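[1] Need the 3D shape of this:
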Amino acid sequence: MEDQNYLEFLPEALRYCGSYQNGEIELRSPIEGEEYGILYKDKYVLLIKDPVIFPTGVSGKYLRLVEAAALTGRTGTVIIPTVDSQVVFVNIFRHATRQWEWELPRGFQEKDHTTVQNAFKETKEEIDVEPISVESLGTIAPNTGMLSSCAEAFIASMPSGSLQEMKGQKLESIRAVKGVRIDELDQFLLDHVRCGFSLSAIFLAKLRGKLPK
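    Down below sits the predicted model:
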């Protein structure tokens, strides 16, 4: 999509031009004939190639990936379900890594849901039990080098005794649900968790003193 007005499709924060003279990567006007703009778009993501000027003064192009939900100012969601002094993880097959990963429940932000509603929905979809309550922990930007989007992290209180009712959803490629005791959490993270969303959410919860005792 070689359209100089492609930036108009983006929220204001993502249209910031910057100044290479101040050490930033500046968005510049395109040169006739060069490829730029929105290279790919579907209901989930936009792949954008921006014409830029680097801090050295050299012109070039830079890719960024924008989640479609960010176009409305909304974000993704990652949830820390807690039940009976345990944190709940799912074992999910991720296409991008082609591996089974231990992660916290997470997903895209639905445009017709608030972030709180989305946290309830994603938890129910992935572990088949709805939280009693959810609380926001803050925002995570998982890959600022490529991704323009963020996710809001929540901690969720699940009904006592509900761990045995939790089950992975085949539609979500989840094969197992596991509760990890707080005194075993750090070692579980070291041994099994690579997901940046999950690690960041747990760290936020620790900093805010929100993990169960």
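
[2] Enumerate every residue touching residue 90.
    102, 103, 104, 105, 126, 127, 168, 172, 174, 176, 177, 178 (CB atoms under 8 Å, 6 or more residues apart in numbering). (Glycine included, C-beta is placed from N, CA and C.)

[3] Report the lowest-confidence entry in the residues you listed.
    Scanning the contacts of residue 90 for pLDDT, the low point is residue 172. It has 81.

[4] which ones are touching it?
    90, 92, 125, 126.

[5] Against residue 197, how distant is the second one?
    So the one you mean is residue 92. Taking CB to CB, to the nearest Å as the measure, residue 92 falls 12 Å from residue 197.

[6] Neighbour count: those two, which is higher?
    residue 92 (22 against 19; other CB atoms under 10 Å).

[7] My read is that that one contacts residue 170, right?
    No: look at residue 92 against residue 170 with CB atoms under 8 Å: they stay out of range, at 11.0 Å.

[8] before we move on, back to that, check the contacts of residue 90 for burial and list the buried ones.
    Buried subset of the contacts of residue 90 (neighbour count, 16 or more other CB atoms under 10 Å): 102, 103, 104, 105, 126, 127, 168, 172, 174, 177, 178.

[9] out of the residues you listed, which are inside strands?
    102, 103, 174, 177, 178 (DSSP state E).

[10] I'd guessed residue 155 sits against residue 212; true?
    No: counting by CB under 8 Å, residue 155 sits too far from residue 212 to count as a contact (9.1 Å).
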